[in-house]
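*Asks:* No sequence on hand, only this structure:
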């Protein structure tokens, strides 16, 4: 529920992943161990200036998925905040790719 002023309007859309994204998600699951994060915990990851894109995958073992993902680009910039909720975090997992140009990028 956005209650702030519309200073930075944007166009957005959401859809189920196409075949190429489904393959990338599956590859990400097998290639990386990941990190287990319980409710209420905060985990931050800083990235070097040379990193241009970051993949984020959130899923559960069929339980509810209720999370917030924040993308911070550099000091003194506005953060982008995404709130995610689904009743089945395995069937409806979140897989996104963020562009992270420049220095000072953090995913929290």
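*Replies:* Sure, I can see it. Because the structure is a prediction, the values reported are computed rather than measured.

*Asks:* hang on, isn't residue 61 packed against residue 90?
*Replies:* Yes - Residue 61 is in contact with residue 90 according to C-beta atoms under 8 Å; the separation is 6.1 Å. Every C-beta, even on glycine, is put in place using the N, C-alpha and C of the backbone.

*Asks:* neighbour count winner among the two?
*Replies:* residue 90 (12 against 7; other C-beta atoms under 10 Å).

*Asks:* correct me, but that one touches residue 59?
*Replies:* Yes - counting by C-beta under 8 Å, residue 90 does reach residue 59; the two are 5.7 Å apart.

*Asks:* Let me see the ranges of the helices in this protein.
*Replies:* With helices called from DSSP state H, the chain shows them at 19-31.

*Asks:* Run through this protein and note the low-pLDDT ranges.
*Replies:* Scanning the chain for pLDDT under 70 picks out 1-13, 17.

*Asks:* tell me, what residue is most central in it?
*Replies:* residue 56 (4.5 Å; C-alpha atoms, centre = their mean).

*Asks:* Identify the residue spatially nearest to that one, adjacent ones excluded.
*Replies:* residue 96 (5.2 Å; C-beta to C-beta, 6 or more residues apart in numbering).
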